[in-house]
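Asker: Sequence and computational prediction follow.
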Amino acid sequence: MPVYVDAAGQLHAVFTKRRDDLRSHPGEISFPGGREDEDDVDLTATALREAHEEVGLPREAVQLLGALQPTPTLVTNFGIYPFVGLIEPGFQWVAQAEEVADVLELPLAAVREGYARRRVVRRNVAFRTDTYQVGEHLIWGATARMVSDLLARLSARQ
């Protein structure tokens, strides 16, 4: 979960929009990340490698701040172990064309303001869930749960 502070002092998080033609989680907003490889020393190494592969973020450009609570995906049954890393603003993203449609830099204040419980329909199943809407971007599911964890921790520090 790359985050940065802009020149005005606003905290931003970096998300990816997954391609619409993917089999798993098509078109969804997520954070850079993915599966652990055998060569990864630990899950921190996995997170840094995946951020580099998906959006071109070099490992040495990330100051790890800590981990959030593990977050399950309910439909695909994955376990996500999110890490928060501070980066410099103004990074030139290189999106992995096979998976990433777009890289989004969203102010966390706008993300927080976009919170609502909404009706979401996925695979012809409707349900109400916590979401964050920023412009045309709807954040829900595991990504929304990670955002909630981050926002709660930030509120506790203020």
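Answerer: Cool, got the structure.
Asker: Apart from its neighbours in sequence, what residue is nearest residue 57?
Answerer: Excluding the flanking residues, the one nearest residue 57 by C-beta to C-beta, 6 or more residues apart in numbering is residue 51, at 4.4 Å. Using the backbone N, CA and C atoms, a C-beta is placed for each residue, glycine as well.
Asker: Tell me the predicted confidence for that neighbour.
Answerer: Residue 51 carries a pLDDT value of 97.
Asker: Can I take it that it is in a helix?
Answerer: Yes: counting by DSSP: H, G, I helix; E, B strand; the rest coil, residue 51 is located in a helix.
Asker: what about it, how many neighbours?
Answerer: When neighbours are defined as other C-beta atoms under 10 Å, residue 51 has 26 of them.
Asker: From what I see, it and residue 61 are in contact.
Answerer: No: assessed by C-beta atoms under 8 Å, residue 51 is found out of contact with residue 61, at 9.3 Å.
Asker: Need the residue closest to the centroid of the protein.
Answerer: residue 31 (2.2 Å; C-alpha atoms, centre = their mean).
Asker: who's in contact with the closest residue to that residue other than its chain neighbours?
Answerer: Ranked by C-beta to C-beta, 6+ apart and with sequence neighbours excluded, the top spatial neighbour of residue 31 is residue 1, at 4.9 Å. Residues near residue 1 by C-beta atoms under 8 Å, 6 or more residues apart in numbering: 13, 14, 31, 68, 82, 83, 84, 85, 146, 150.
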